[in-house]
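J.: Output the structure for:
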Amino acid sequence: MAVIETKTLTYTYPGGAKPSIRDVSIKIEKGEFVLITGPSGCGKTTLCRCFNGLIPHFYQGELKGEITVAGLNVVEHPTHELATHVGLVFQNPENQLFALSVEKDVAFGLENLGVPRDEMHKRVDWALKLTGIYDLRERAPHELSGGQQQRAAIASVLAMQPEVIVLDEPTSFLDPLGAKKIFEVIYELNRNTGITIVLVEHRLDLTAKYADHIIIMDDGKVVLDGESREILSSEEARLIGVGIPKATRLYQILQKDGIKLGNAVPLSSDEMAALLREVLKA
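T.: Model (predicted):
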């Protein structure tokens, strides 16, 4: 069942000369881990703002087409109602961390929803433990490292227990090791809780292996949409200029040179290493 569906969705910011997204028609199924990627300025962030109602309720402009989230028409339902179904983690975690402690930041959304105190404590503890920052609950957010701040931002959204979590380039301020740890947390959330994950990211070497479904955008349009291995091994994806995982490119080069490595296209260095070991055994 689709938890997010758009039909010919087109949006133009106020004063914009042309639409930021054009004729976007996609389906995201409940429980999927979806990766949205594409060149800078292709409309990824704008599309994410449509998922939780920031467009059209906060950003005005002109919205055409249809969008439903968790069975709700986004145009007809206010942002505070949509926020109970879709949580958004921003690119810079400092934009959504403002309280005197991590625990208070994670509780903020629940307080606004009027969640009973006992239930609030349970949810906050659960979210902090799940993201691995329970021991930091009394620390001030500005004292944390970038990776810890990102975990706190994820926990603040997770405590709301939305059906969907949208993450807009959540590791852009982190080094590869810090980013890898965040992606592992996100993947575990998806697998252990069944929450639908929509991740906007350029680092496909680190993220492609987690995705069930990849959407590639270019110039405001969806140009490729489907299963991860099929999409990333296509010539169209390479020509668009997205960062095809190095393991996938190496596999393609070796296949062209007549070295057969099996039919499962690798999306990570670990998968590529496993294929090469099988070849050496043979």
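J.: Report the residue ranges of every domain in this protein.
T.: Taking automatic domain parsing as the reference, the chain has its domains at 2-240, 245-282.
J.: Pick the most buried one from those.
T.: Of all those, domain 2-240 has the most neighbours on average by mean count of other C-beta atoms under 10 Å, namely a mean of 18. All C-beta atoms are positioned from the backbone trio N, CA, C, and that covers glycine.
J.: still on that earlier bit, what's the least confident stretch among the domains of the chain?
T.: Per-stretch mean pLDDT for the domains of the chain is lowest at domain 245-282 (a mean of 85).
J.: distance between it and the chain's centre?
T.: Offset of domain 245-282 from its chain centre (C-alpha atoms, centre = their mean, to the nearest Å): 27 Å.
J.: all numbers from here: first residue = 34
T.: All set: I'll call the first residue 34, so the last point we hit is now domain 278-315.
J.: Send me stretch 202-220 as CSV with only the CA atoms.
T.: Taking Å, rounded to 0.1, in the frame of the first residue of the first chain, the C-alpha atoms of stretch 202-220 are listed here in CSV:
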residue,chain,number,x,y,z
GLU,A,202,21.0,15.1,3.2
PRO,A,203,21.4,14.4,7.0
THR,A,204,25.1,13.8,6.8
SER,A,205,26.3,16.7,4.7
PHE,A,206,28.3,18.1,7.6
LEU,A,207,29.9,14.8,8.6
ASP,A,208,33.0,12.9,7.6
PRO,A,209,32.5,9.5,5.8
LEU,A,210,32.8,7.5,9.1
GLY,A,211,30.3,9.7,10.9
ALA,A,212,28.0,9.5,7.9
LYS,A,213,28.3,5.7,7.8
LYS,A,214,27.2,5.4,11.4
ILE,A,215,24.1,7.6,10.8
PHE,A,216,23.1,5.6,7.8
GLU,A,217,23.4,2.4,9.9
VAL,A,218,21.1,3.9,12.5
ILE,A,219,18.6,4.9,9.9
TYR,A,220,18.7,1.4,8.2
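J.: what's in contact with it?
T.: 66, 122-126, 164-165, 178-180, 183-184, 186-187, 198, 200, 230, 232-236, 239-240, 243 (C-beta atoms under 8 Å, 6 or more residues apart in numbering).
J.: Go again with 6 Å.
T.: Stretch 202-220 is contacted by residues 122, 124, 164, 179-180, 183, 230, 233-234, 239-240, 243 when judged by C-beta atoms under 6 Å, 6 or more residues apart in numbering.
J.: Same question for stretch 102-111.
T.: For stretch 102-111, contacts defined as C-beta under 6 Å, 6+ apart pick out 36-37, 84, 86, 100, 118-119, 196.
J.: Quick check: bridge partners of the residue most central in space within the chain?
T.: What sits nearest the mean C-alpha location of the chain, by C-alpha atoms, centre = their mean, is residue 232, with 1.4 Å. Listed by DSSP bridges, the beta-bridge partners for residue 232 are residue 68, residue 200.
J.: Starting from residue 153, give me the distance back to it.
T.: 27 Å (C-beta to C-beta, to the nearest Å).
J.: Residue 276 - nearest residue in space that isn't next to it in sequence?
T.: Leaving aside its chain neighbours, residue 276 sits nearest to residue 237 (4.9 Å; criterion: C-beta to C-beta, 6 or more residues apart in numbering).
J.: The one you found contacts residue 274, doesn't it?
T.: No - under the criterion of C-beta atoms under 6 Å, residue 237 makes no contact with residue 274, lying 11.8 Å away.
J.: Lovely, talk soon.
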